[in-house]
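Engineer: I'd like to go over a predicted model; first the sequence, then the structure.
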Amino acid sequence: MKKIFSFLKNNKHFFLLLYAAIYIPWFGYVEKKVNIHSDYHIIHMALDDYIPFCEFFVIPYYLWFVYIAVTILYIAFRDGKTCWRMGAFLITGMTLFLIISTVYPNGHQLRPEVFARDNFCVDLVQKLYATDTPTNLFPSIHVYNSIGAHLALTHCDRLMNNPRTRWVKWVSLCLMVSIILSTMFLKQHSVFDVITALALAAVMYVLCYGPAARVIEKSLQKQDQRTRKKFPAR
């Protein structure tokens, strides 16, 4: 037990994982709130009608769960500084998503009623449709968190400064893009959901990794230096 407390004391970013205790019950609440008998706003763009259904995208769609879990755990154990940035990025986006879903119930009617083919991927899609309702859609968390995971990996010095692991950047990029496309080709999300996720991710990139992040980091460093001068270690 002492080792656990000592580890957490030196790795406070692990406390970010406690956000799951907020997100999961809140998400469960908004999912129950919006159902087929409830009034909700229909999300739709004209471009949605031109995107064909393609069941094979169910593979990268499901890989999202592995991608996010592995990325979070790797960054948490290997790069505490990047973990704080990743945590700020993901938690802010997911919280905004929950707030929007709470005050603006929404859903879509894009899913096909019949499937042109019968194969293993269609079976997976049917199971997905049975467990995941077409409600509470924007910004798409599948899209937003995929971007967040990719940014965290590409800003991890341990990975990017090692020639042997730089390939992770390109694998992550391909997986991120395929996941984003899967949300539309599986009719899980409208193009609107993807656009709003991209827009939010762009803003959060500036705050967590871009110019704003550097300004905040310098400010915190100066504050830490002033604190050390005022209260020198004995």
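Structural biologist: Ah, there it is.

Engineer: residue 191 is in contact with residue 48, correct?
Structural biologist: Yes - here residue 48 reaches residue 191: they are 5.6 Å apart, a contact under CB atoms under 8 Å. Every C-beta, even on glycine, is put in place using the N, C-alpha and C of the backbone.

Engineer: need the overlap of contacts for these two.
Structural biologist: Counting by CB atoms under 8 Å, 6 or more residues apart in numbering, the common neighbours of residue 48 and residue 191 are residue 184.

Engineer: how about low-confidence regions in the chain?
Structural biologist: 1-10, 34-38, 212-234 (pLDDT under 70).

Engineer: quick one: residue 163 is in a strand?
Structural biologist: No - counting by DSSP: H, G, I helix; E, B strand; the rest coil, residue 163 is not part of a strand but coil.

Engineer: number of nearby residues for it?
Structural biologist: 7 (other CB atoms under 10 Å).

Engineer: please apply the same query to the one 4 residues further on.
Structural biologist: For residue 167, the count of nearby residues is 10 (other CB under 10 Å).

Engineer: same check, this time on residue 187
Structural biologist: With other CB under 10 Å as criterion, residue 187 counts 21.

Engineer: now do the nearest residue to it once chain neighbours are set aside against residue 151, distance only.
Structural biologist: For residue 187, the nearest residue in space outside its immediate sequence neighbours is residue 110; the separation is 4.2 Å by CB to CB, 6 or more residues apart in numbering. From residue 110 over to residue 151 the distance is 28 Å, taken as CB to CB, to the nearest Å.

Engineer: got it, and residue 117?
Structural biologist: 36 Å.

Engineer: so the two - more neighbours on which side?
Structural biologist: residue 151 (23 against 9).

Engineer: contacting residues for the more buried one?
Structural biologist: 86, 89, 205, 208-209.

Engineer: off-centre distance for stretch 80-97?
Structural biologist: 9 Å (CA atoms, centre = their mean, to the nearest Å).

Engineer: check which residues of it are buried.
Structural biologist: Buried residues in stretch 80-97, counted by 16 or more other CB atoms under 10 Å: 82-83, 85-90, 92-94, 96-97.

Engineer: still on that earlier bit, could I get the contacts of residue 151 as TSV with distance to residue 73 and secondary structure?
Structural biologist: Shown next, in TSV, are those (distance: CB to CB, whole Å; DSSP: H, G, I helix; E, B strand; the rest coil):
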residue	distance to residue 73	secondary structure
86	11	helix
89	16	helix
205	22	helix
208	19	helix
209	20	coil
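
Engineer: farthest-apart pair in the residues you listed, please.
Structural biologist: The two members of those with the most space between them (CB to CB) are 86 and 205, at 11.5 Å.

Engineer: report the central residue of this protein.
Structural biologist: The chain has residue 145 as the residue nearest its centroid, 1.4 Å off, counting by CA atoms, centre = their mean.

Engineer: how about the one helix or strand it maps to as PDB, C-alpha atoms only?
Structural biologist: Using DSSP states H and E, residue 145 falls within helix 141-154. Taking C-alpha atoms only, helix 141-154 is exported to PDB below (Å, rounded to 0.1, in the frame of the first residue of the first chain):
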ATOM      1  CA  ILE A 141     -16.400  11.700 -29.000                       C
ATOM      2  CA  HIS A 142     -15.100   9.000 -31.400                       C
ATOM      3  CA  VAL A 143     -13.600  11.700 -33.600                       C
ATOM      4  CA  TYR A 144     -12.500  14.100 -30.800                       C
ATOM      5  CA  ASN A 145     -10.800  11.500 -28.600                       C
ATOM      6  CA  SER A 146      -9.100   9.900 -31.600                       C
ATOM      7  CA  ILE A 147      -7.500  13.300 -32.400                       C
ATOM      8  CA  GLY A 148      -6.600  13.700 -28.700                       C
ATOM      9  CA  ALA A 149      -4.900  10.300 -28.600                       C
ATOM     10  CA  HIS A 150      -3.000  11.100 -31.800                       C
ATOM     11  CA  LEU A 151      -1.800  14.500 -30.500                       C
ATOM     12  CA  ALA A 152      -0.700  12.900 -27.300                       C
ATOM     13  CA  LEU A 153       1.400  10.200 -29.000                       C
ATOM     14  CA  THR A 154       3.000  12.700 -31.400                       C
END
